[in-house]
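Engineer: I'll drop the sequence and a predicted model, then ask my questions.
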Amino acid sequence: MILIKRNQQTEVIPKKQNKKTQKEVHVFNCPCGTKILIDPDLNAMNEAIKNHIAEHEKLTAQCLTEDILREDILKVVVKAINGI
């Protein structure tokens, strides 16, 4: 799981898997400025969420719960699925 600190907009980043196929990679942007790569592997996503909660508190001194972060990430996923 990749955490990238940059801006605060949700982005879809094209990623080439090989020459014939291309896969879109969705990123969740936390209000603290950290980007979290949305991964279809649920174990990897849970690991990223747990890691970011500790990082978020260090960056902002604000407590963030796993439930809130999961809910925010799911909103991004639903928007991506619906093409919004």
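Structural biologist: Structure's in. What do you need?

Engineer: Please count neighbours and contacts with C-alpha atoms only from this point.
Structural biologist: Noted.

Engineer: Assign the spatially closest residue to Ala80 that is not a sequence neighbour to helix, strand or coil.
Structural biologist: Excluding the flanking residues, the one nearest Ala80 by CA to CA, 6 or more residues apart in numbering is His26, at 7.8 Å. Here His26 is recorded as strand under DSSP: H, G, I helix; E, B strand; the rest coil.

Engineer: Count the neighbours of His26 for me.
Structural biologist: Applying other CA atoms under 10 Å, we find 20 residues neighbouring His26.

Engineer: Give the buried residues for the lengthiest helix in the chain.
Structural biologist: For the chain, the helix with the greatest residue count under DSSP state H is helix 42-60. Across helix 42-60, burial judged by 16 or more other CA atoms under 10 Å covers 45, 48-49, 52-53, 55-56.

Engineer: swap in stretch 32-44?
Structural biologist: 32-39.

Engineer: Just send those residues back as CSV, with distance to Gly83 too.
Structural biologist: Listed next are these as CSV, based on distance: CA to CA, whole Å:
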residue, distance to Gly83
Cys32, 25
Gly33, 24
Thr34, 23
Lys35, 20
Ile36, 19
Leu37, 18
Ile38, 16
Asp39, 18
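
Engineer: Which of those residues sits closest to Leu64?
Structural biologist: Among these, Cys32 lies closest to Leu64 (CA to CA), at 10.7 Å.

Engineer: pLDDT at the closest one, what is it?
Structural biologist: Turning to Cys32, the model gives it a pLDDT of 89.
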